[in-house]
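J.: Need a 3D model of the following:
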Amino acid sequence: MKLPRPIHQFLSWFPHQEFAVLACAVFIVGLFSGKAIMSIGMMLLLGNALINLNVGEYFKAFVKDRTALLFVGLVFLYGLSFFWSEDTQYYLSRIQLMLPFLVLPFAFKSIQWQHRYFQWIMQLFIVMCVAGVTWSLYHYLIDKEAIDASYGFSKSMPTPFKGDHIRFGMAIVIGFSFVIYLLKQATRNAWQVLLVIAGAYFFIYLHLLASKTALLSLYLFVFYQLYLWLRSSKKWLLGLGLVVLIIVLPFIMYQLSSSFQHKVSYTRYSIEQLFNDQAQTNVSDEGRLVSYSTAFDITKEHVLLGVGVGDSYNEMERAYHNKGIVIEKVLLPHNQFLLMLLTLGIVGLAYFVFFVIYLFRKYFFKHNQLSGFLLLFVVPLSVEAFFETQYGIALFLFFFLFLKQQLENFGKETT
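T.: Numbers count the residues shown, from 1 in each chain. Take a look at the predicted model:
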């Protein structure tokens with residue numbers, strides 16, 4: 001189809017790459033300020049790819065990209081479960097939540113950035129993380145004693161992301177990973193100092209926040225970076241000293257942070273309750289285990305195709321009541337693999353396991369930053385229903401595609 005001359009001239013002139021930077025910036029600001037702005041950023045990025053003279057080339061690249069097609073397949077599986085889901089309204093809300101898996105892989109095909117653009121987006125994300133952490137700490141410090149005490153009841157300090165401290169904690173871990181990457185690239189002393197300060201700020205905050213998911217991901221990433229450094233430098237004695245320091249750091253933070261102390265005490269209490277068969281279902285650790293056992297009981301009757309995306313919540317609620325479990329809210333199984341088994345059965349679980357294995361086989365050790373990013377999500381996918389919120393999907397999908405596009409633009413990195 002031949003475009004009218006004025007439109008063709010406009011699209012030829014339009015600065016698509018700079019507009020994509022703007023769209024990504026809007027998306028990142030929306031992460032911390034509001035879901036509507038985040039959605040606007042996603043639509044701008046998609047529009048940038050669609051209203052483009054090269055849209056045909058982007059589409060061809062999209063259909064040849066096996067990773068992108070696997071994302072589409074995930075949405076397709078969710079969509080098929082309509083035929084065995086009774087709660088249509090809940091089903092539609094879940095499908096709407098999964099739409100970024102359909103549109104963002106195509107939208108990112110329009111990005112052919114220079115290296116500095118990738119760095120700008122990382123820097124913006126770090127700045128937004130600093131702002132988010134500062135906001136969180138301010139609200140923590142003005143009511144410190146009460147918030148510290150609330151950690152003994154599986155609560156947390158106020159955070160952005162509408163109080164979703166687990167996903168906000170993961171955002172800060174991603175910010176920390178960007179700090180490490182940019183620090184390796186930095187050449188100016190002043191910039192290196194600022195990055196070190198930001199990294200230390202994030203590291204200390206994550207211990208104050210005391211999200212177990214975020215802390216485990218943080219230390220997994222730190223040990224991976226240490227491994228990469230030792231492999232290239234061969235400084236084994238210094239490396240051993242750093243390993244000891246990393247192991248000691250949580251004990252130091254335990255002495256300095258009352259919120260961390262309360263979280264550790266609560267975790268010990270939870271474990272004792274579990275061994276004494278006195279678990280309560282409305283608190284974090286016990287609730288997770290009860291959600292696991294309940295989900296397994298349900299899947300025994302829906303092995304092949306699961307209960308359907310639309311009925312996962314209702315089936316869990318019904319199972320809780322049938323068991324006589326008193327609950328304040330229904331907990332979906334806090335494990336993305338188990339949730340796939342519950343909603344889409346063996347078929348869905350097999351697809352998701354293949355999906356995860358494929359990502360690791362294709363990208364791990366191919367791009368150091370992308371490898372570290374994938375490692376970050378081993379923990380949250382194992383102990384959270386991470387893709388059941390818009391924030392969870394945004395954190396994983398946007399930044400995975402962002403780093404994947406960096407790999408495709410510049411190839412394998414050695415740092």
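J.: so how far is F178 from the residue lying closest to W236 once chain neighbours are set aside?
T.: Excluding the flanking residues, the one nearest W236 by CB to CB, 6 or more residues apart in numbering is L230, at 6.8 Å. Bear in mind the C-beta positions are built from the backbone N, C-alpha and C, glycine included. Computed as CB to CB, to the nearest Å, the L230 to F178 distance reads 22 Å.
J.: can you check A198 too?
T.: A198 is 9 Å from F178, by CB to CB.
J.: ditto for S211
T.: For S211, the distance to F178 - CB to CB - is 19 Å.
J.: Also W13?
T.: Shown here: W13 relative to F178, a distance of 33 Å by CB to CB.
J.: okay, these two: which has more neighbours?
T.: F178 (26 against 8; other CB atoms under 10 Å).
J.: host element of that one?
T.: Taking DSSP states H and E as the criterion, F178 maps to helix 165-185.
J.: Give me the distance between that helix and the centre of its chain.
T.: On the basis of CA atoms, centre = their mean, to the nearest Å, helix 165-185 sits 11 Å off its chain's mean C-alpha point.
J.: which helices and strands does whichever helix or strand comes after that helix pack with?
T.: Following helix 165-185 in sequence order, the next helix or strand is helix 189-209 (DSSP H and E). In terms of contacts (3 or more CB pairs under 8 Å, 6 or more residues apart in numbering; DSSP states H and E), helix 189-209 is packed against helix 115-141, helix 165-185, helix 212-233, helix 236-256, helix 258-275.
J.: avg pLDDT for helix 189-209?
T.: For helix 189-209, mean pLDDT is 92.
J.: between it and helix 236-256, how many degrees?
T.: Angle, helix 189-209 to helix 236-256, by axes from the mean of the first three to the mean of the last three CA atoms, to 10 degrees: 50 degrees.
J.: And for helix 189-209, what's in contact with it?
T.: Defining contact as CB atoms under 8 Å, 6 or more residues apart in numbering, one finds that helix 189-209 is touched by 126, 129-130, 133, 136-137, 140, 156-157, 159, 165, 168-169, 172-173, 175-176, 179-180, 182-183, 186, 214-215, 218, 250, 253, 257, 259-260.
J.: and if you look at stretch 85-92?
T.: Counting by CB under 8 Å, 6+ apart, stretch 85-92 makes contact with S81, F82, V307, G308, V309, G310, D311, Y313, N314, all of which sit outside it.
J.: Which of the residues you listed ranks first by neighbour count?
T.: V309 (29 neighbours).
J.: ok, now which ones touch that one?
T.: Residues in contact with V309 (CB under 8 Å, 6+ apart) are Y78, S81, F82, S85, Y90, Y91, R94, I95, T343, L344.
J.: Of these, which pair is most distant in space?
T.: Largest separation among the contacts of V309 by CB to CB: Y90 and L344, giving 14.8 Å.
J.: And the lowest mean pLDDT element among the helices and strands of the protein?
T.: helix 258-275 (a mean of 59; mean pLDDT, DSSP states H and E).
J.: Render the CA-only coordinates of stretch 41-49 in PDB, please.
T.: The C-alpha trace of stretch 41-49 is given here as PDB (Å, rounded to 0.1, in the frame of the first residue of the first chain):
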ATOM      1  CA  GLY A  41       4.300   4.400  27.700                       C
ATOM      2  CA  MET A  42       3.500   0.900  26.400                       C
ATOM      3  CA  MET A  43       1.000   2.300  23.800                       C
ATOM      4  CA  LEU A  44       3.500   4.900  22.700                       C
ATOM      5  CA  LEU A  45       6.100   2.200  22.200                       C
ATOM      6  CA  LEU A  46       3.700   0.100  20.200                       C
ATOM      7  CA  GLY A  47       2.500   3.100  18.200                       C
ATOM      8  CA  ASN A  48       6.100   3.900  17.300                       C
ATOM      9  CA  ALA A  49       6.500   0.500  15.800                       C
END
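J.: Please compute how far that stretch lies from its chain's middle.
T.: The answer for stretch 41-49 is 21 Å, by CA atoms, centre = their mean.
J.: Run through who's touching that stretch.
T.: 16, 19-20, 22-30, 55, 58, 100, 103-104, 106-110.
J.: The same query, at a cut-off of 7 Å, please.
T.: Residues outside stretch 41-49 that contact it (CB atoms under 7 Å, 6 or more residues apart in numbering): 16, 19-20, 23-24, 26-27, 30, 55, 58, 100, 103-104, 106-107, 109-110.
J.: and what of stretch 126-134?
T.: Outside stretch 126-134, the residues touching it (CB under 7 Å, 6+ apart) are 28-29, 32, 160, 168, 171-172, 175, 178-179, 198, 201-202, 205.
J.: go again using 6 Å as the cut-off
T.: I28, F32, P160, I172, G175, F178, A198, Y205 (CB atoms under 6 Å, 6 or more residues apart in numbering).
J.: Look up phi and psi at F402.
T.: F402 adopts backbone torsions of phi -60, psi -50, taken as degrees, to the nearest 10.
J.: okay, now the nearest residue to it once chain neighbours are set aside: neighbour count?
T.: Spatial nearest neighbour of F402, chain neighbours left out: I121 (6.8 Å); criterion: CB to CB, 6+ apart. Neighbours of I121 under the rule other CB under 10 Å: 22.
J.: What of I142?
T.: Count around I142 with other CB under 10 Å applied: 10.
J.: Now do it against L209, distance only.
T.: Look at I142 and L209: by CB to CB, they are 16 Å apart.
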